[in-house]
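*Asks:* compute the structure for the input listed below.
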Amino acid sequence: MNKTTKILVWVIVLLALLNLTTIGTILYLDYRKKAENGEIIVPSTNTTPINGRFFRKELGFDDIQMDKFRALNHPFQEAARMLIFDIDSMKREMFIELNKSNVDTLKVNDLAIKIGEHHAELKQQINAFYLGLKNICNEEQAIKLQNAFEPLFYEDGANNLMRNGNGSGYRHGQGFGRGNNQINNNNSN
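*Replies:* The predicted structure follows:
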């Protein structure tokens, strides 16, 4: 191999490494952005999504707090997604059964119990997530966290029935299905 060929080989190797580094950086930054943006959407129409961006901008989380947030958020989001998927599947199955000419009431009642159990587990996941976040916060941040999460605990079902005065169980524009309390745009109730 002559000198020119060796130089060209090294230039190609360096360009390949540069390309791989660039692609790796892009993928890493995209991963971090997605990790920070795991969303909990609360029902109030005037609130912003509770996600990584919210914790950094609204609560003023520093880098260490954001790392702790990510460590809590990922397992919470995974557990919540699975529970919500199961709840939605059982609700569909229940509705299909309810619309049959010969309804299996034992099956419908069993599904209702299972949905309730999953819903309780989801609320436990939310409680644990909230307490973990609260432990990361200073006093000022904890107040902002409380205000952001309050709709998840007060603005649903029976509480709306008592608050809205129309006896319908939901505020104008909010039905009982999707859109009430959401986690990652999925129904959690």
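*Asks:* next one: phi and psi at Phe61?
*Replies:* Backbone torsions of Phe61, given as degrees, to the nearest 10, read phi -60, psi 140.
*Asks:* isn't it up against Gln141?
*Replies:* Yes - at 7.4 Å, Phe61 counts as touching Gln141 under the criterion of C-beta atoms under 8 Å. C-beta here means a position set from N, CA and C on the backbone, and glycine is covered the same way.
*Asks:* more neighbours: which of those two?
*Replies:* Shown here are Phe61 and Gln141; by other C-beta atoms under 10 Å, Phe61 has more neighbours (22 against 18).
*Asks:* enumerate every residue touching the more buried one.
*Replies:* 55, 69, 136, 141 (C-beta atoms under 8 Å, 6 or more residues apart in numbering).
*Asks:* again with Leu133
*Replies:* With C-beta under 8 Å, 6+ apart, Leu133 has these contacts: 55, 69, 72, 145.
*Asks:* got a winner among those residues for most neighbours?
*Replies:* Neighbour counts for the contacts of Leu133, by other C-beta under 10 Å, peak at Phe55, which reaches 25 neighbours.
*Asks:* tell me who's in contact with it.
*Replies:* Going by C-beta under 8 Å, 6+ apart, the list of residues near Phe55 reads 61, 65-66, 69, 133.
*Asks:* average pLDDT for the helix ranked longest in the chain?
*Replies:* For the chain, the longest helix by residue count, based on DSSP state H, is helix 63-98. Average pLDDT, helix 63-98: 90.
*Asks:* which strands or helices does it pack on?
*Replies:* Helix 63-98 sits against helix 3-36, helix 52-57, helix 105-136, strand 182-183, strand 186-187, with contacts defined as 3 or more C-beta pairs under 8 Å, 6 or more residues apart in numbering; DSSP states H and E.
*Asks:* packed most tightly, which of the ones you listed would that be?
*Replies:* Highest mean neighbour count of the helices and strands packed on helix 63-98: strand 182-183, a mean of 22 (counted as mean count of other C-beta atoms under 10 Å).
*Asks:* quick check: which ranges of the chain have low pLDDT?
*Replies:* 28-49, 155-189 (pLDDT under 70).
*Asks:* could you rerun that using 90?
*Replies:* 1-59, 61, 70, 73-85, 103, 119, 122-123, 125-127, 144-189 (pLDDT under 90).
*Asks:* pull the CA atoms of stretch 122-136 into CSV?
*Replies:* In CSV, the C-alpha atoms belonging to stretch 122-136 read as follows (Å, rounded to 0.1, in the frame of the first residue of the first chain):
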residue,chain,number,x,y,z
LEU,A,122,-53.2,2.0,39.4
LYS,A,123,-54.1,4.4,42.2
GLN,A,124,-51.5,2.7,44.4
GLN,A,125,-48.9,3.2,41.6
ILE,A,126,-49.9,6.9,41.4
ASN,A,127,-49.6,7.3,45.1
ALA,A,128,-46.1,5.7,45.2
PHE,A,129,-45.1,7.9,42.2
TYR,A,130,-46.4,11.0,43.9
LEU,A,131,-44.6,10.2,47.2
GLY,A,132,-41.4,9.5,45.4
LEU,A,133,-41.6,12.9,43.6
LYS,A,134,-42.5,14.6,46.8
ASN,A,135,-39.3,13.3,48.4
ILE,A,136,-37.3,14.8,45.6
